[in-house]
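Q: predicted coordinates and the sequence they were generated for:
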Amino acid sequence: MGIIFRLNSGQKTYSLFSSPLQATLATIAFIIVYGMAIYIPTKLLQNKSAIQNQRLELENLSQYTSHIETMYDELRRFRHDYKNILLSLNDAVENRDIDQVSDIFKRVVIPTNVNVETRTSVLGKLTEVKNLEIKSLIYSKTMEAINKGIRVEIEIEKPIKLDTNIQITDMLRTISILFDNAINATLKAKQPQINLSFFEDDDKNTQVFQIGNSTQEEHINLSKLSGRFNGVLTNSRHGLGLRNLRSILARYPFIQNNRSSKDYWFEQQIVIYKVSQTKKK
């Protein structure tokens, strides 16, 4: 194991070490140094990744808290303005000014009520999601879609928490990619709509995140959504998102990505097989 060399002109072998013990100790020292050279950078990268994950989780939690505070402020303002609205309506009623009553109702009451109901409805449906980061992201993307005039339906009927074998940051990136692509695609449809569901299939021992959107095309060629993505996507950003999605899911052999398209509707499923079941196969 020591460093040995041989002279061309003779048969003697010379070693840099005077004894086998020195050679052994030098070899052990080399292995330790080499191991540390690999371990330390790897550990630093792991710590950096953990810090980034914690930062992302805190950002999403902060966003969710911000959404709650925004809703509370809007409800407080609505309650504050409610008296003024009633006084205006009262004056209009006493004066039998139907036009003014109609104007106040359409201009003030309906928009405010719709905005408050929309936000509370979305939050109400997300109460079953037990990961605050995922809850915040879905809420943020849903409100973004609604503000763009997209109809959004959410179905989460039972409490659900992301399988612990998946990094929360990877799931957040996956949801973000799928939601962004759904928003961009459905805006071109005649009736923009997105349906989202997150549930557990006890019979198959799986968790399923499903998102669908209306499309401009009656049918999408699914083969164009795989492979190298050369010249087949609507824009480079969409293609990059799909490549990133494929890269993320490649790290999880127990996750399946299903796609379907028909009747102006495109749907993607992220099917997460529980590891306990995967091991049995």
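A: Looks like it came in fine. None of the values given here were measured: they were computed from a predicted structure.
Q: flag the shaky bits of the stretch 101-250 of the chain, pLDDT-wise.
A: 101, 104-120, 225-240 (pLDDT under 70).
Q: correct me if wrong: residue 270 contacts residue 257.
A: Yes - using Cβ atoms under 8 Å, residue 270 makes contact with residue 257 at a distance of 6.1 Å. Just so you know, the C-beta spots here come from the backbone N, C-alpha and C atoms, and that holds for glycine as well.
Q: quick one: common contacting residues for the two?
A: Residues within reach of residue 270 and of residue 257 at once, by Cβ atoms under 8 Å, 6 or more residues apart in numbering, are residue 249.
Q: and residue 210, how far from residue 86?
A: 44 Å (Cβ to Cβ, to the nearest Å).
Q: give me the number of residues near residue 206?
A: Using other Cβ atoms under 10 Å, residue 206 has 20 neighbouring residues.
Q: show me what contacts it?
A: So, once contact is read as Cβ under 8 Å, 6+ apart, residue 206 ends up touching 200, 271, 272, 273, 274, 277.
Q: over to residue 87?
A: By Cβ under 8 Å, 6+ apart, residue 87 lies in contact with nothing.
Q: now it: which helix or strand?
A: helix 20-94 (DSSP states H and E).
Q: immediately after that helix, which helix or strand?
A: Following helix 20-94 toward the C-terminus (DSSP H and E): helix 98-104.
Q: coming back round to it: out of residue 210 and residue 86, which sits in the busier spot?
A: Taking neighbours as other Cβ under 10 Å, residue 210 and residue 86 compare with residue 210 leading, 17 against 11.
Q: whichever strand or helix holds the more buried one pairs with which strands, parallel or anti?
A: Using DSSP H and E, residue 210 sits in strand 206-214. Next to strand 206-214 in the sheet, as set by DSSP bridges, lie strand 193-201 (antiparallel), strand 265-273 (antiparallel).
Q: out of these, which comes closest to residue 163?
A: strand 265-273 (5.3 Å; Cβ to Cβ).
Q: list the buried residues of the closest one.
A: 265, 266, 268, 269, 270, 271, 272, 273 (16 or more other Cβ atoms under 10 Å).
Q: same thing with stretch 127-145?
A: 128-129, 131, 133-143, 145.
Q: what's the closest of the residues you listed to residue 161?
A: Of those, the one sitting nearest to residue 161 (Cβ to Cβ) turns out to be residue 131, at 5.9 Å.
Q: I figured the closest one hits residue 164, correct?
A: No - counting by Cβ under 8 Å, residue 164 is not a contact partner of residue 131; they are 10.6 Å apart.
Q: for the stretch 101-250 of the chain, what spans make up the helices?
A: Secondary structure of the stretch 101-250 of the chain by DSSP state H, counting those that start in this stretch: the helices cover 110-125, 132-147, 168-186, 236-249.
Q: let's have those helices in CSV, adding distance to residue 35.
A: Output for the helices of the stretch 101-250 of the chain, formatted as CSV (distance: least, Cβ to Cβ, whole Å):
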stretch, distance to residue 35
helix 110-125, 51
helix 132-147, 36
helix 168-186, 29
helix 236-249, 29
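Q: of those helices, which is nearest residue 32?
A: Proximity to residue 32 (Cβ to Cβ) singles out helix 168-186 among the helices of the stretch 101-250 of the chain, at 33.7 Å.
Q: for that closest one, list the C-alpha coordinates in CSV.
A: The C-alpha trace of helix 168-186 is given here as CSV (Å, rounded to 0.1, in the frame of the first residue of the first chain):
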residue,chain,number,x,y,z
ILE,A,168,-42.0,19.2,0.8
THR,A,169,-40.0,21.5,-1.5
ASP,A,170,-40.2,19.0,-4.4
MET,A,171,-44.0,18.8,-4.0
LEU,A,172,-44.3,22.6,-3.9
ARG,A,173,-42.3,22.8,-7.1
THR,A,174,-44.4,20.1,-8.7
ILE,A,175,-47.7,21.8,-7.8
SER,A,176,-46.4,25.2,-8.9
ILE,A,177,-45.4,23.9,-12.3
LEU,A,178,-48.7,22.1,-12.9
PHE,A,179,-50.7,25.1,-11.7
ASP,A,180,-48.8,27.6,-13.8
ASN,A,181,-49.1,25.4,-16.9
ALA,A,182,-52.8,25.0,-16.3
ILE,A,183,-53.4,28.7,-15.9
ASN,A,184,-51.4,29.5,-19.1
ALA,A,185,-53.2,26.9,-21.1
THR,A,186,-56.8,27.5,-19.9
